[in-house]
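*Asks:* A structural model of the following input is requested.
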Amino acid sequence: MDLQLQGKTVMVAAASKGIGYAIALQCAREGANVSIASRDPAVITAAAEQIAEQTGARVQGYCFDAKSADSINAWVQATLTDFGPIYGLVVNAGGPPPGQFQQFSDADWQAAFELTLMSAVRLIRGVLPSMQSLGSGSVVAVTSSSVKEPIDILLLSNVMRSGVTSLLKSLSQQYAADNIRFNNLMPGLINTDRLKGLNVKRAQVLNISADAVKQQQEAELPMRRYGEPQEFANAAAFLLSPAASYITGVTLAIDGGKMKTVW
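*Replies:* Residues are numbered from 1 along each chain as shown. I've put the predicted structure just below:
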């Protein structure tokens, strides 16, 4: 299928590795111009060079802090200067730390709010004028399966990512007439460094090895394995693209059938 992303500019946040990197790579394979960003300038520059080398696409890496309004605005403006109008945006950020309710201070909650929810608000606010000038656009937020089935040790993520999901559903109604679409993607157990780090935490609590945690989790999955970032990226690229032109306000699970809810 031709996703019709050729020549369109797509911004992907937190794209130096994992899910964000895989989405940026897939968009570049589809011919998009790709603007990627993360906190470490050396790492994001290397990621951009790798994607460009593999795909031949125009790819540029930028340093940004998802918790900083000024940093987000600077990335948006740099992308507009370097690439022109922005068609697509992937809202993505590293997850807040795991833990239980009594462990978290007001400062922890505020940091999670800035990292997860306000980064989404600020990124979308930044790109909307460009999408409106184009007469089309697509925003995809990487959330979590926890927005439907909360995960016990990810309280901060459960709450803030639920807010992002609600935000995009609301905006899908408000901007549908402008031909700007908003969709959420919920990763289940995707084989990333984030998941490996969480497994180490679970292993410490359960007093077992991280490998044993992985084996237990995979045994409970209908597909009996973790998903790969590329499998997630395929769905993201589709929802970003004009090929999904009549899909908006959707929250789609990429979880190998893990969730049992019917909605």
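*Asks:* quick check: the residue lying farthest from the centre of the chain vs residue 103, distance?
*Replies:* Largest separation from the mean C-alpha position in the chain: residue 207, at 31.3 Å (CA atoms, centre = their mean). Distance of residue 207 to residue 103, given as CB to CB, to the nearest Å: 19 Å. From N, CA and C alone the C-beta is placed, and that goes for glycine too.
*Asks:* try residue 85
*Replies:* Separation of residue 85 from residue 103 (CB to CB) stands at 44 Å.
*Asks:* where exactly do the strands run in the chain?
*Replies:* In the chain, the strands defined using DSSP state E lie at 9-13, 33-38, 59-63, 88-91, 137-142, 180-187, 251-254.
*Asks:* any chance of a markdown table for the ones you listed, columns mean pLDDT, distance to residue 151 and mean neighbour count?
*Replies:* Formatted as a markdown table, the strands of the chain follow (pLDDT from 0 to 100; distance: least, CB to CB, whole Å; neighbours: other CB atoms under 10 Å):
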| stretch | mean pLDDT | distance to residue 151 | mean neighbour count |
| --- | --- | --- | --- |
| strand 9-13 | 98 | 22 | 28 |
| strand 33-38 | 98 | 24 | 29 |
| strand 59-63 | 98 | 30 | 21 |
| strand 88-91 | 98 | 20 | 29 |
| strand 137-142 | 98 | 15 | 27 |
| strand 180-187 | 97 | 12 | 24 |
| strand 251-254 | 95 | 14 | 18 |
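*Asks:* wait, which of the ones you listed is closest to residue 222?
*Replies:* Shortest separation from residue 222 across these is recorded for strand 251-254, at 12.0 Å, computed as CB to CB.
*Asks:* higher neighbour count, residue 85 and residue 103?
*Replies:* residue 85 (18 against 11; other CB atoms under 10 Å).
*Asks:* who's in contact with the nearest residue to residue 98 once chain neighbours are set aside?
*Replies:* Nearest residue to residue 98, sequence neighbours excluded (CB to CB, 6 or more residues apart in numbering): residue 153, at 4.3 Å. Neighbouring residues of residue 153 by CB atoms under 8 Å, 6 or more residues apart in numbering: 98, 99, 100, 198, 201, 202, 205.
*Asks:* what number of residues lie near the second one?
*Replies:* Other residues near residue 99 number 14, with proximity taken as other CB under 10 Å.
*Asks:* try the fifth one
*Replies:* The criterion is other CB under 10 Å. On that basis, residue 201 has 16 neighbouring residues.
*Asks:* tell me the pLDDT at it?
*Replies:* Reading off the confidence values, residue 201 has pLDDT 80.
*Asks:* in contact with it, which residues?
*Replies:* By CB under 8 Å, 6+ apart, the neighbours of residue 201 are 98, 153.
*Asks:* where's it relative to residue 92, distance?
*Replies:* From residue 201 to residue 92 the distance is 21 Å (CB to CB).
*Asks:* no further questions, thank you.
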